[in-house]
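Colleague: sequence and predicted structure below; questions after.
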Amino acid sequence: MTPPFIITIDGPAGSGKGTLARALAAHLGFDHLDTGKIYRRVGYDLLKAGQDPHHEPSALIAANRLTSSLTPEMLSDPALRDDAAGNAGSVVASMPSVRAALLEAQRQFARRATKGAVLDGRDCGTVICPEAPVKFFVIARPDVRARRRVDELSAMGLPAVYDDVLKDILARDERDIHRPIAPLKPAPDAILLDTSDISAEAVFNRALSDIARFL
Ligand code: C5P
């Protein structure tokens, strides 16, 4: 049996990696995993239980609980899109024990796909699936990413102040890039896509032509 074709897409918050991942998965008929949602879910579960996301033993219990009962519905809760869940997710994501607890579930998702899988996050190409034949690293300038996030929040009817969103994005970048474990960085063979000044459609077409060389 041919193993599933795996595409990884990593990059910072608001770079457009999620949009690209969803579009590629739909077009190619591949399964899609937004790995950030897993960290968000762990952070959100802690907040909901009134626990501190900075407390590693509690975060590890929440991570283990999640992997033992993970369903797609658990990652589709709209509350996970909230910045509170994003920040709590970013905190638990810097904990080695939490990352180790969540690693195998992500690898299994990719291995069990029937046709192929698209995984997006921060370490999909470097840690989760370094063997993936196609790896993208998607970037965009911080001001562009903040503007996109403000538009997204406004579209959801949520209040958003540009300066606060930008500050939040920069703080999250700082944590993701400088953490000692699984820091945000491109795999040596990743294809770099800068989405700052091009449309989502143009990014998709460019990615698709890169993928065509491997299929
Ligand atoms: O991508 P998203 O903003 O949903 O991710 C939430 C947080 O989860 C990120 O700030 C990042 O710290 C963490 N994350 C991670 N590794 C991944 C995906 C997300 O550390 N593969």
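Modeller: Noted; the coordinates are in hand.

Colleague: looking at this, Leu103 is in a helix?
Modeller: Yes: assessed with DSSP: H, G, I helix; E, B strand; the rest coil, Leu103 lies in a helix.

Colleague: give me the pLDDT for it.
Modeller: pLDDT for Leu103: 97.

Colleague: quick check: it touching Cys124?
Modeller: No: between Leu103 and Cys124 there is no contact under Cβ atoms under 8 Å: 11.2 Å. The way it works is simple: take the backbone N, C-alpha and C, and place the C-beta from them, glycine included.

Colleague: ok, which stretches of the chain are helices?
Modeller: In the chain, the helices defined using DSSP state H lie at 17-28, 35-48, 56-68, 83-92, 96-111, 142-155, 162-178, 200-212.

Colleague: quick one: closest of these to Ile128.
Modeller: helix 96-111 (4.9 Å; Cβ to Cβ).

Colleague: higher neighbour count, Leu103 and Cys124?
Modeller: Neighbours per residue (other Cβ atoms under 10 Å) separate Leu103 from Cys124, with Cys124 holding more: 29 against 15.

Colleague: so for that one, what's the nearest residue that isn't a sequence neighbour?
Modeller: Closest residue to Cys124 apart from its sequence neighbours, by Cβ to Cβ, 6 or more residues apart in numbering: Thr8 at 3.7 Å.

Colleague: so that neighbour bridges to which residues?
Modeller: Beta-bridge pairing of Thr8 under DSSP bridges involves Leu119, Lys135.

Colleague: show me which residues of the protein sit near the ligand.
Modeller: 13, 35-36, 39-40, 86, 89-90, 93, 121-124, 172, 176 (Cβ under 6 Å from any ligand atom).

Colleague: check contacts around the residue lying closest to Pro4 once chain neighbours are set aside.
Modeller: Nearest residue to Pro4, sequence neighbours excluded (Cβ to Cβ, 6+ apart): Ala113, at 3.9 Å. Residues near Ala113 by Cβ atoms under 8 Å, 6 or more residues apart in numbering: Pro4, Ile6, Phe30, Asp31.
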